[in-house]
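Q: Structure of the sequence below:
(chains A and B, ligands or ions: 1)
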Amino acid sequence: MESINKELKVSALENGTVLDHIPAENVYKALDILNLRGISNQITIGINLNSKLYGKKGIIKIADRFFEDDELNKLALIAPHATVNIIRNFQVVEKKKLVLPASIEGIAKCMNPKCITNHQPVKTKFRVISENGEISLLCHYCEKRSDIRSIF
Amino acid sequence: MNKSLISIQDFTKEEILHVLETAKEFEKNRTQHILDGKVIACIFFEPSTRTRLSFETAVNRLGAKVIGFSDASNTSVSKGETLKDTIKMVSNYVDMIIMRHPLEGSSRYASEVSSVPVVNAGDGANQHPSQTLLDMYSIMQTQGRLDGLNINMVGDLKYGRTTHSLLQAMSLFNPEFVFTAPDELKMPVEYKDFLDTKGIKYTETDSLEEHLDDCDILYMTRVQQERFTDPMEYEKVKDVYRLKSSMLKTVKPNMKILHPLPRVSEIDQDVDDSPHAYYFKQAENGLYVRMAIISCLLGYR
Ligand SMILES: [Zn+2]
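A: Prediction:
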């Protein structure tokens, strides 16, 4: 049994991207942030895998897909310690660390029910604020701050 | 200075001072047709007679014409037109848009789709920068300066946007603050943090009497019922402060009382005749400051 499990966990990827060390509870959010729902690429998802550093972690492997840094960095909002491995021909050719973006557009909803973005077809825009390890988003329109955990 | 005014923080210290100096000029001579031939839209998606009359008078005294509406209920907006479409259409007709809207962030959005400058005349509980500038003008005119003053803010400091914007703008001028509020309506932590990072001193109290004698400006505010979701909370705090003329015996001679108006019961009628009362003149100052805002944003001053 042990060996089968092991094989499942590391099922090899020929070409693509491996997102590792995602907090287990945020794996589905990660799929949303990277717009991976509904695409036709082969995706392997692991949730509640044991991690020495973080307890339970999640992992997402996407075959034949490579991301721009700007796209990947959005992931830092919900998985600041995630690592990115770029795989080509079964080999890790590059490892990346995520950088928290200074601002984000069109990926989160403002928590303020009286904000214009919740009533009219306006693309949301936020400034990303990181203070004492807590991430919050400042709405470009209504100027209200929302805790990241209440947004995603 | 061809730009919009959405939030007081859009203006630098120099731009604020430029608007205030220009307002002095309009106070000396309040009919100056420097915008002859211009058309300015005053579009009010929610009624606010006081603010609308002040802006429309300012436009008229500058010699421009006003078009617009004072309430969205009889317009294409009530038929479901988006804000974007309304602004696109209006901005093709006019030289400037002055707007008020119940939703927060609506003016910022309008300024992004408009081809002409937008002045925010209030977007929900968010910003109302012309109020902040007229408050600063009133402070400057009564004290002869903006620097190094003691400002005591009283009343609803939790929900009151005027006190938040005034705090941010005055922090450019090395002030000291007193926050007088009941526990339920204290100044939010984020604004106190802001002052801490700037090294600006403030004290908090729930007693109106405690710091009356130390301040140069007593900035009174009304407790607004519409900000409360719990009616019991409102009943508890609505009459918490009442300033009477008998309380003004030992205040500083230069101390002036400001209030964004309308007042309810927080300033007794008997204060009106005191030399410290300034709130009616403050409302009048709104005219000169709005004339200055319009002419500066259009590049005429
Ligand atoms: Zn918002």
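Q: Any idea how many residues pack against residue A:118?
A: 18 (other Cβ atoms under 10 Å in any protein chain shown). Quick note: C-beta positions are derived from backbone N, CA and C, even for glycine.
Q: What about the closest residue to it other than its chain neighbours, how many residues nearby?
A: Of all residues not flanking residue A:118 in the chain, residue A:110 sits nearest, at 6.1 Å (Cβ to Cβ, 6 or more residues apart in numbering or on different chains). Around residue A:110 there are 24 other residues, counting by other Cβ under 10 Å.
Q: Test my guess that residue A:110 contacts residue A:117.
A: Yes: using Cβ atoms under 8 Å, residue A:110 is in contact with residue A:117, at 5.1 Å.
Q: Which residue ranges of chain B form strands?
A: For chain B, the strands defined by DSSP state E occupy B:39-44, B:65-69, B:96-101, B:118-123, B:150-154, B:176-180, B:202-205, B:217-220, B:256-258.
Q: Mind listing residues that contact the second one?
A: This points to strand B:65-69. If you take Cβ atoms under 8 Å, 6 or more residues apart in numbering or on different chains as the criterion, strand B:65-69 is touched by B:38-44, B:56, B:59-60, B:75, B:93-94, B:98.
Q: Who is the nearest residue to residue B:75 once chain neighbours are set aside paired with across the strands?
A: The shortest distance from residue B:75 to any non-neighbouring residue, by Cβ to Cβ, 6+ apart, is to residue B:69 (5.4 Å). When bridges are called by DSSP bridges, residue B:69 pairs up with residue B:43.
Q: measure residue B:69 to residue B:258 for me?
A: 31 Å (Cβ to Cβ, to the nearest Å).
Q: Those two: which has the busier surroundings?
A: Looking at residue B:69 and residue B:258 with other Cβ under 10 Å, you find the greater number of neighbours at residue B:258, namely 24 against 19.
Q: count of neighbours near the residue in chain A that chain B sits nearest to?
A: The nearest approach of chain A to chain B comes at residue A:141, 2.6 Å away (Cβ to the nearest Cβ). Counted with other Cβ under 10 Å, residues neighbouring residue A:141 total 27.
Q: just checking, it is part of a helix?
A: No: looking at residue A:141 with DSSP: H, G, I helix; E, B strand; the rest coil, it is coil, so not inside a helix.
Q: Quick one: end-to-end distance for stretch B:111-121.
A: Stretch B:111-121 has an end-to-end distance of 13 Å (Cα to Cα, to the nearest Å).
Q: mind listing the strands for chain A?
A: Under DSSP E, chain A gives strands at A:16-23, A:43-51, A:55-63, A:83-88, A:91-97, A:103-105, A:125-131, A:134-139, A:145-147.
Q: Deepest-packed of these, please.
A: Burial of those is given as mean neighbour count (mean count of other Cβ atoms under 10 Å in any protein chain shown); strand A:16-23 ranks first at a mean of 21.
Q: roughly how far apart are residue B:261 and the ion?
A: Separation of residue B:261 from the ion (Cβ to the ion, to the nearest Å) stands at 28 Å.
Q: can you check residue B:252 too?
A: 41 Å.
Q: Tell me the confidence at the closest residue to that residue other than its chain neighbours?
A: Excluding its sequence neighbours, the residue lying closest to residue B:252 (Cβ to Cβ, 6+ apart) is residue B:216, at 6.4 Å. Among the per-residue scores, residue B:216 holds a pLDDT of 98.
Q: circling back: dump the residue contacts of the residue of chain A closest to chain B.
A: Contacts of residue A:141 (Cβ under 8 Å, 6+ apart): A:110, A:115, A:116, A:117, A:122, A:124, A:125, B:104, B:105, B:106, B:108, B:109.
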